[in-house]
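Enquirer: fold the following and give me the result.
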Amino acid sequence: MSSWVLPGAEFDELLRSFERRAWRWECQGTYRQPDEAEPWRRWRAGEPDDLRWLRPWLDQVAAATRAGRLVSRVRVFGEPPTEYQRWQLDVGPANIAAGEDIRVLPQVEAAELGLPTSDFWLFDETRVALMHYEDQRFAGTEIIASPREVDRYRAWREIACDHAIPLMVYLHDLPQRSR
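Expert: This next block holds a predicted model:
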């Protein structure tokens, strides 16, 4: 049985309340989140970004990792990366500095491995938050707690992590790829 959680305070509580590990599978080429619109516009215009808009997330990640909890994700990137993904390449090092482990998996490889095409969070090996989007905007999350279903998502996480490379390695190798 699953339940539905809308964006906002209830979803934010999922991100705060995990006990050991929060892992994200992020596979959309572009996201259109309202709180990212202005920072993304500034980046596209070549204007500096103080990352103030990202500070709540960075502080949350830092607090979690100081407490011994793990926050990590695998981002699926097109080759070449989409414009949004190129922006995330510039923003990602701040997440890493806060303690988040970010890895990258090429989209073609993700497809060859049979990995899902929907974003999700896996919390503490026991709950999945399957994310739903409308027009590239986060619309809500389906919470899955069935052990059988969660096992499927855990297996996908293991496959993704086994094949993904750390973001900083990807950035180092990017000049050899088409940016």
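
Enquirer: would you map the strands across this structure?
Expert: 2-5, 21-26, 70-77, 101-106, 120-123, 127-134, 137-144, 165-166 (DSSP state E).

Enquirer: in TSV: these, plus mean pLDDT and distance to residue 94.
Expert: The C-beta positions use only the backbone N, C-alpha and C, and glycine is treated the same way. Listed next are these as TSV, based on pLDDT from 0 to 100; distance: least, C-beta to C-beta, whole Å:
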stretch	mean pLDDT	distance to residue 94
strand 2-5	64	27
strand 21-26	97	16
strand 70-77	98	13
strand 101-106	97	10
strand 120-123	95	20
strand 127-134	88	22
strand 137-144	82	20
strand 165-166	97	15
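
Enquirer: okay, those strands in CSV with mean neighbour count and distance to residue 87 next?
Expert: Listed next are the strands of the chain as CSV, based on neighbours: other C-beta atoms under 10 Å; distance: least, C-beta to C-beta, whole Å:
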stretch, mean neighbour count, distance to residue 87
strand 2-5, 13, 27
strand 21-26, 21, 14
strand 70-77, 22, 12
strand 101-106, 20, 14
strand 120-123, 22, 21
strand 127-134, 18, 18
strand 137-144, 17, 16
strand 165-166, 14, 19
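
Enquirer: rebuild these as JSON lines, extending it with distance to residue 85.
Expert: Shown next, in JSON lines, are the strands of the chain (distance: least, C-beta to C-beta, whole Å):
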{"stretch": "strand 2-5", "distance to residue 85": "26"}
{"stretch": "strand 21-26", "distance to residue 85": "10"}
{"stretch": "strand 70-77", "distance to residue 85": "5"}
{"stretch": "strand 101-106", "distance to residue 85": "9"}
{"stretch": "strand 120-123", "distance to residue 85": "18"}
{"stretch": "strand 127-134", "distance to residue 85": "16"}
{"stretch": "strand 137-144", "distance to residue 85": "17"}
{"stretch": "strand 165-166", "distance to residue 85": "15"}
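
Enquirer: residues touching residue 160, list them.
Expert: 25, 74, 103, 105, 110, 113, 115 (C-beta atoms under 8 Å, 6 or more residues apart in numbering).

Enquirer: let's see it at 10 Å
Expert: Counting by C-beta atoms under 10 Å, 6 or more residues apart in numbering, residue 160 touches 23, 25, 27, 73-76, 103, 105, 109-110, 113, 115-116.

Enquirer: and the residues you listed, which is closest to residue 166?
Expert: Nearest to residue 166 out of these is residue 103 (C-beta to C-beta; 5.6 Å).

Enquirer: thinking the closest one is in contact with residue 169, fair?
Expert: Yes - counting by C-beta atoms under 10 Å, residue 103 does reach residue 169; the two are 8.8 Å apart.
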